[in-house]
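Peer 1: Pasting the sequence and the predicted model now:
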Amino acid sequence: MTMTLMHLWKFHSLALLAGCVWDWIMGDPCWLPHPVRWMGHMISGLENRLRKRFKGNLLLGGRILAVCMCFFWTLVPAVLFGGMEICLTLPERKGSWALGLLFLAESFFCGQLMAAKSLRAESMKVAYALKEGDIEKARRAVSMIVGRDTAVLDKDGIARAAVETVAENTSDGVIAPFLFMAVFGPAGGFFYKAVNTMDSMVGYKNDRYIQFGRGAAKLDDRVNFIPARISGILLSAAAWIIPGMDGKNAWRIFKRDRFNHASPNSAHGEAACAGALHLRLAGDAWYFGTLHKKPYIGDDDRPICPDDIAGVSRLMFGSEQLLMAVLAALIFMF
């Protein structure tokens, strides 16, 4: 039984590694149905119904939303991929074709739950627009990947917003889903994405969501607690091996500034990247017409430039590859 479970874990892990490669090649093409879009549609539909049903207790309605989303998006993939363990117990002639198809299917969905290529592609649209000198085009591009008001941003503010979103989303879009899938299989990845998608849609501290979105926001804080800190460590480690990055300063700023954010998890990746690139990130920002006062992250050693967007993307891929190397080593060892 122990060997069977170990073989199953290795199967999931190899599929995850293949999924990362799939993500590097394909990313998230708009013509391909994506689980996160399905999650978004489900959240919107449930929100409308729960707001009507729990008009006088939006806090409870939001918690029910969180329970429904987590239950559905964990159960369905668990049932879908649960046949893998059964196939592993079949004789080789009977199970080989099924295992091959299941491996391809699991690799595909693992790849869809990773967001490294799409993060780089969307952020580089901002860099290209800035290099062309088209500020309005750059504002439109950055508005697709950040939640802040972009109309007030100048050239440096646009570049800084793009760098910050890649740094922060290295955890949400790459490291955290990888860790959940490595430990809990594909069902763990779907669970994480359900939580993260809820937080991005309803986890705001404004009049509309301060009650309804509180459950999703608190749950997101909890599931990201460990991945956010691992992301900061991995980004700092990647800075040691990527040419042009400062690993020593990345670790120094990570330790110093990783709590310079209202969220307990958001600043870890930003701090490591700010140190690696010798930039000052964060600071005050406008959201929904309101100015939010925020502390700075990093030191203002030099002006930011469009090339820093490519730099932070290299750090993101470097941290992912380090994590893949650790998983590959564990597969080999056991």
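Peer 2: Sure thing, it's come through. These figures come from a predicted structure and were not determined experimentally.

Peer 1: I'd like to know which elements the helix or strand hosting V36 is packed against.
Peer 2: Using DSSP states H and E, V36 sits within helix 35-53. Under the contact definition 3 or more CB pairs under 8 Å, 6 or more residues apart in numbering; DSSP states H and E, helix 35-53 sits against helix 58-81, helix 92-113, helix 186-202. In this view, the C-beta of every residue, glycine as well, is placed from N, C-alpha and C.

Peer 1: Show residues contacting the helix or strand following the second one.
Peer 2: Taking DSSP H and E as the definition, the helix or strand that follows helix 92-113 towards the C-terminus is helix 116-132. Contact with helix 116-132 is made by 20, 23-28, 135, 137-138, 141-142, 144-145, 155, 158-159, 162-163, 165-166, 169-170, 173-174, 306-307, 309-310, 312-313, 316-317, 320, as judged by CB atoms under 8 Å, 6 or more residues apart in numbering.

Peer 1: Derive a ChimeraX selection command for the buried subset of those.
Peer 2: Selection of buried members from the contacts of helix 116-132 for ChimeraX, criterion 16 or more other CB atoms under 10 Å:
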select :20,23,24,27,28,138,141,142,145,158,159,162,163,165,166,169,170,173,174,306,309,312,313,316,317,320
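
Peer 1: Where do the helices of the stretch 151-300 of the chain begin and end?
Peer 2: 155-170, 176-184, 186-202, 214-223, 225-241, 247-257, 267-277 (DSSP state H, counting those that start in this stretch).

Peer 1: Point out the most buried one among the ones you listed.
Peer 2: helix 267-277 (a mean of 31; mean count of other CB atoms under 10 Å).

Peer 1: just checking, what packs against that one?
Peer 2: helix 155-170, helix 225-241, helix 247-257, strand 281-282, strand 296-297, helix 307-333.

Peer 1: of all those, which lies closest to G275?
Peer 2: G275 lies closest to helix 247-257 among the helices and strands packed on helix 267-277, at 3.0 Å (CB to CB).

Peer 1: Give me the angle between that closest one and helix 267-277.
Peer 2: In terms of direction (axes from the mean of the first three to the mean of the last three CA atoms, to 10 degrees), helix 247-257 departs from helix 267-277 by 140 degrees.

Peer 1: Now do helix 247-257: everything it contacts.
Peer 2: Here helix 247-257 has contacts from 232-233, 235-237, 239-241, 267-268, 270-276, 278, 295-299, using CB under 8 Å, 6+ apart.

Peer 1: right, and the helices of the stretch 151-300 of the chain - which one's nearest I331?
Peer 2: Here helix 176-184 is closest among those (CB to CB), at 10.2 Å.

Peer 1: quick one: M181 and W9 touch, right?
Peer 2: No - contact criterion CB atoms under 8 Å: M181 and W9 do not qualify, at 11.3 Å.

Peer 1: ranking the helices and strands packed on helix 35-53 by burial, who's on top?
Peer 2: Looking across those with neighbours counted as mean count of other CB under 10 Å, the highest average goes to helix 186-202: a mean of 24.

Peer 1: buried sites along the helix holding V36?
Peer 2: 35-36, 39, 42-43, 46-47, 50.

Peer 1: Quick check: the two most widely separated of those?
Peer 2: Distance extremes for the buried residues of helix 35-53: the farthest pair is P35 and L50 at 21.5 Å, using CB to CB.

Peer 1: So which residues make contact with stretch 28-35?
Peer 2: Contacts of stretch 28-35 (CB under 8 Å, 6+ apart): 26, 73, 109, 112-113, 115, 117-118, 190, 193.

Peer 1: what about 6 Å?
Peer 2: 112, 118 (CB atoms under 6 Å, 6 or more residues apart in numbering).

Peer 1: Pull the distance from that stretch to the chain's centre.
Peer 2: Centroid displacement of stretch 28-35 relative to its chain, using CA atoms, centre = their mean, to the nearest Å, is 17 Å.

Peer 1: and if you look at stretch 16-24?
Peer 2: 15 Å.

Peer 1: now swap in stretch 236-247 and tell me
Peer 2: Distance, centroid of stretch 236-247 to centroid of chain: 21 Å (CA atoms, centre = their mean).

Peer 1: What is the end-to-end distance of that stretch?
Peer 2: 6 Å (CA to CA, to the nearest Å).

Peer 1: ok, the residue most central in space within the chain - contacts?
Peer 2: The chain has G173 as the residue nearest its centroid, 1.6 Å off, counting by CA atoms, centre = their mean. Contacts of G173 were listed using CB under 6 Å, 6+ apart, and they are 115, 119.
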